[in-house]
Every structure is written in C-alpha cells, then in structure tokens.
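1. Let me see the structure of the following:
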Amino acid sequence: MTEVLVLVDHVDGEVKKVTYELLTAARRIGEPSAVVVGEPGTAGKLSEALGSYGAAKVYAAESAEAAEFLVTPQVDVLSALAGSASPAAVLVPASVDGKEVAGRLAIRLGSGLLSEVVDVDGEGVASHSLFGGTYDAKAKVTQGTPVITVLPGSIE
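-> Numbering: from 1, shown residues only. The predicted structure follows:
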C-alpha cells in the first residue's frame with residue numbers, strides 16, 4: 001500500500017482534532033504516515049495518539065529552532081519526505097499556516113494543489129463544498145504528488 005504523508009497539527013504536546021481527520025482521510029488513499037515537526041521530544045509525546053488513529057509510521061523532524069520559523073521547517077521536511085518516500089498524497093490542515101505550507105510545497109514539488117477539500121475518496125478525488133454547500137465539486141490532481149488541504153470538521 002502506498003504511503004500518504006499527514007502533517008500533524010499540534011499545540012503544547014496535544015494533537016489537534018483535524019490531524020485525526022487527516023489520518024482518517026489518508027487511510028482511504030493508502031497507508032497514513034504522520035509527520036511531526038517541532039521541538040525535541042514532541043514526537044515522543046504524540047506517537048501513541050497518532051498510532052491509535054491509524055498512523056503506520058511517525059516521522060519526527062525535531063529541532064530547537066523549529067518554533068522560530070513560521071512554515072519553512074514544515075515545507076522543508078515534507079518536501080524531503082515526498083522526494084524519498086514517493087507518497088500517494090500529502091495531506092495538510094486547511095488552517096492559515098497549513099494553506100501556506102501546502103502552496104509552497106506544491107510549487108517545490110511541481111505538483112497540483114487541492115485546497116479546502118471536505119472529503120477524499122480512494123482514487124484521490126477530492127470533494128469541495130461551494131457557496132455554503134449549494135454546489136459540490138470534485139477535482140483530482142493530474143501532475144505530481146497531490147497536495148491536499150482538508151477543512152477542519154469535515155471528515156468524521
């Protein structure tokens with residue numbers, strides 16, 4: 001099964017709920033691998049929770065300087081992992097920082113970006129809810145590794 005990279009959103013040693021939603025969506029596409037970027041010891045605190053929600057692997061990118069930069073460390077780590085692991089997709093929370101990470105990552109990888117999706121199927125087709133749910137649209141990346149931002153609260 002192909003690996004799917006999931007950027008872990010965390011605060012004060014706690015995983016944010018959107019990360020669990022991303023792991024659920026990742027299982028539809030392939031084998032979820034959590035990517036933790038933070039200060040030393042962060043991944044150790046989060047590994048058990050991530051594993052219980054289906055993360056087959058946990059990549060830890062820890063540095064004392066990680067908190068000093070806004071999104072560059074996440075982009076660097078995801079870019080390096082995407083180059084070595086050849087994932088089926090990269091899932092990122094659709095937060096302000098997450099969308100910045102996803103945009104920069106898609107450019108670095110020369111890949112397509114699907115932003116603010118509400119669901120993803122097994123083929124990597126993303127669903128978008130438009131105009132307050134009046135319209136539904138589906139999209140799929142046609143070039144490179146799909147980089148997908150998922151809206152918090154959209155996946156059970």
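
2. Low-confidence ranges, the chain, go.
-> Along the chain, segments meeting pLDDT under 70 span 1.

3. Count the neighbours of V77 for me.
-> 22 (other C-beta atoms under 10 Å). For glycine as for every other residue, the C-beta is placed from the backbone atoms N, C-alpha and C.

4. typo on my end, G103
-> When neighbours are defined as other C-beta under 10 Å, G103 has 17 of them.

5. count of residues packed around the nearest residue to it once chain neighbours are set aside?
-> In this structure, G103 finds its nearest non-sequential neighbour in L113, 6.3 Å apart by C-beta to C-beta, 6 or more residues apart in numbering. L113: 20 surrounding residues under other C-beta under 10 Å.

6. Do you have the helices of this structure handy? List them.
-> For the chain, the helices defined by DSSP state H occupy 17-29, 42-52, 72-85, 96-109.

7. Go through the third one and flag the buried ones.
-> By that I understand helix 72-85. For helix 72-85, the neighbour count (16 or more other C-beta atoms under 10 Å) marks 73-79, 81-82, 85 as buried.

8. by contact count, what packs against that helix?
-> If contacts are counted by 3 or more C-beta pairs under 8 Å, 6 or more residues apart in numbering; DSSP states H and E, helix 72-85 sits against strand 3-7, strand 31-38, strand 57-62, strand 89-93, helix 96-109.

9. just the buried residues of helix 72-85 now: which is nearest E3?
-> Among the buried residues of helix 72-85, A85 lies closest to E3 (C-beta to C-beta), at 5.3 Å.
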